[in-house]
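Visitor: Sequence below, structure please.
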Amino acid sequence: MGRKILVFGGTRGTGLEAIKLLVAGGDQVTVMVRPTSDRSGLEPLDVNIVEGDALDGADVEAAFAAAEPDAVINSLGGKRGEPRPDLEGTISIVDAAEAAGVRRLVMVTAVGAGDSADALSPNAWKFLGPIIELKTQAEDRVTGSKLDYTILRPGGMGSDPATGTAIRTEDHSVMGMINRADLGRLVVECLDDDSTIGHIYHATDPEIDEQPPLQRGEPLGTGPKP
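Guide: From the prediction side, this is the model:
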């Protein structure tokens, strides 16, 4: 029997891609899902679903109690018009993990957070500044915790099929594109590799020869969505 993994932000994007790989590898996956979220991507998968909101600390604690996880993946993000859970959700996850004695956490944030501010163009900062600040504070909560964390920072993200050529690097000046399916693979690889504990990586695909639209000065969308 595989590990027990609890996932936040797993109904779409990177989180869902990571879940597919975890399930295929024999891990027991529990996903916390808001009652209003589209769970169609999870329905074909053998996962346990716990309803709740990452902005509610009691819901997060209940998810930990239900899953009894060995490790946690935090891929929380948000859409325009929604309250963003990047910071408050992360605080709730870290608090609940520490209380439950769960040590291992892999989290997805974004290029621009923490010491990588200079990797974003002025135009990207114009549109993403408030989001990046939340992600920076979320990283600070994690790095200041007792958890065995790994943080992955993607730049621009696409939804094409996995290329298999994406990499992680500790060069925090790197800013590029990566497909969510490849980022999901990197999340699982970090979870499997204890040598990544305590490290912050930038995630990019050197075979995608383009910069994210916002980085090029094209104000499209609202930035990275894990």
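Visitor: hey, which helix is longest across the protein?
Guide: helix 122-143 (DSSP state H).
Visitor: Going by neighbour count, list what's buried in that one.
Guide: With burial defined by 16 or more other Cβ atoms under 10 Å, the residues of helix 122-143 counted as buried are 124, 127-128, 131-132, 134-139, 141-142. No exception for glycine: its C-beta is placed from N, CA and C like everyone else's.
Visitor: so which of those comes closest to Met175?
Guide: Nearest to Met175 among the buried residues of helix 122-143 is Ala124, at 8.6 Å by Cβ to Cβ.
Visitor: Correct me if wrong: that closest one contacts Ser116.
Guide: No. Using Cβ atoms under 8 Å, Ala124 makes no contact with Ser116, being 11.6 Å away.
Visitor: low-scoring stretches of this protein, by residue?
Guide: Within the chain, the stretches with pLDDT under 70 are 1, 79-82, 216-226.
Visitor: residue boundaries of the helices in it?
Guide: Using DSSP H, helices in the chain cover 13-24, 57-67, 86-100, 122-143, 180-192.
Visitor: Would you enumerate the residues in contact with Gly89?
Guide: Phe8, Ala54, Leu55, Val60, Asn74, Leu76 (Cβ atoms under 8 Å, 6 or more residues apart in numbering).
Visitor: before we move on, back to that, put together a markdown table for the helices of the chain, with distance to Asp38 on each row.
Guide: Shown next, in a markdown table, are these (distance: least, Cβ to Cβ, whole Å):
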| stretch | distance to Asp38 |
| --- | --- |
| helix 13-24 | 11 |
| helix 57-67 | 18 |
| helix 86-100 | 18 |
| helix 122-143 | 22 |
| helix 180-192 | 16 |
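Visitor: Could you work out which of those helices reaches nearest to Pro35?
Guide: helix 57-67 (10.4 Å).
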